[in-house]
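*Asks:* Sequence plus the predicted model coming up.
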Amino acid sequence: MTNFSKETFFIKPSQKGVKDFEDLINSDYQISIGKWMHTGWEIFKSNSGPSIAFSVLGGICYILINFIPFAGMFVLYPFIAGFIIMSLMFFQKQTPEFKNYFWGFRHFLPLLVFSVVSMMFISIGILLLVVPGIYLSIAYLFSPYLIVEKNLDYWPAMEISRKKVNKQFWGLLGFSGVILMINIIGCIPFFLGLFITIPLSTCMVTAAYKDIFMEDSPTDKEAISAEPA
């Protein structure tokens, strides 16, 4: 796992590849949409203030930087990774500071390359009768998590995510549909609800990620064991 307390800002990806995670890829898991939503909601609810504040700040910065052509793609995933890192820290019962939301930029290069490569693959897939594009958008769901949590480079993260998602693709497609609907609702009115639904849905996907990619960590087991009331 990435050392979130590391003093140097930029973190060089490890040299680990897909073969180093074969046991993790081959392990089974169950689809638990209700549990993931409940756990994500509890994580978000206890840390909603800073998350919404960063969501507003990140949204404003993203809108402003988009006045420069193609500039948005350079910051989109680092901003998303900021939510991921914070939700992972919340999940581990750590007490982060507001500056930690910007730590997605510590993985700037692999996140940037991932955004370019994945968008290219998904766009090609959409042109090929749409279905391949939908498949890839689900298959790469956990790639940013693997980049920041396991400090992987973009390609191993993409392949590990894809192989793991393949084991329960239809269930994760349904889960992604629920997350999409939450953010569509967040678009009403005037997209303002997205300041809440983006960090909330990130926490829900984090709950799924920690369940699916859990590696027998006692803290993970304790955190993911929360069941819907």
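*Replies:* Sure thing, it's come through.
*Asks:* buried stuff in the helix or strand where residue 83 lies?
*Replies:* Using DSSP states H and E, residue 83 falls within helix 72-91. Using 16 or more other Cβ atoms under 10 Å as the burial criterion, the residues of helix 72-91 that qualify are 72, 74-91. Bear in mind the C-beta positions are built from the backbone N, C-alpha and C, glycine included.
*Asks:* do the same with stretch 19-39
*Replies:* Under 16+ other Cβ under 10 Å, the buried positions of stretch 19-39 are 21, 25, 31, 32, 33, 35, 36, 37, 38, 39.
*Asks:* repeat for stretch 90-105
*Replies:* 90, 91, 92, 96, 100, 101, 102, 103, 104, 105.
*Asks:* from the middle of its chain, how far away would it be?
*Replies:* 14 Å (Cα atoms, centre = their mean, to the nearest Å).
*Asks:* for stretch 144-155, same thing?
*Replies:* On Cα atoms, centre = their mean, the centre of stretch 144-155 falls 10 Å from the chain's centre.
*Asks:* Endpoints of it, how far apart?
*Replies:* Stretch 144-155 stretches 11 Å from its first residue to its last (Cα to Cα, to the nearest Å).
*Asks:* Give me the mean pLDDT for that stretch.
*Replies:* Throughout stretch 144-155, pLDDT has a mean value of 95.
*Asks:* which other residues reach it?
*Replies:* 1-2, 11, 13-14, 16, 21, 77, 80-81, 84-85, 88, 104, 106-107, 110-111, 113-114, 117, 143, 156-157, 160-161, 205-206, 209, 213 (Cβ atoms under 8 Å, 6 or more residues apart in numbering).
*Asks:* Of these, which count as buried by neighbour count?
*Replies:* Buried among the contacts of stretch 144-155 by 16+ other Cβ under 10 Å: 2, 11, 13, 21, 77, 80-81, 84-85, 88, 104, 106-107, 110-111, 113-114, 143, 156-157, 160-161, 205-206, 209, 213.
*Asks:* Report the separation between residue 64 and residue 198.
*Replies:* To residue 198, residue 64 is 17 Å away according to Cβ to Cβ, to the nearest Å.
*Asks:* roughly how far apart are residue 113 and residue 29?
*Replies:* Distance from residue 113 to residue 29, by Cβ to Cβ: 28 Å.
*Asks:* chain center to the strand or helix carrying residue 198, what's the gap?
*Replies:* Following DSSP H and E, one finds residue 198 within helix 194-212. From the chain centre to the centre of helix 194-212 is a distance of 7 Å (Cα atoms, centre = their mean).
*Asks:* Repeat that for stretch 82-98.
*Replies:* 12 Å.
*Asks:* now do stretch 180-188
*Replies:* Distance, centroid of stretch 180-188 to centroid of chain: 17 Å (Cα atoms, centre = their mean).
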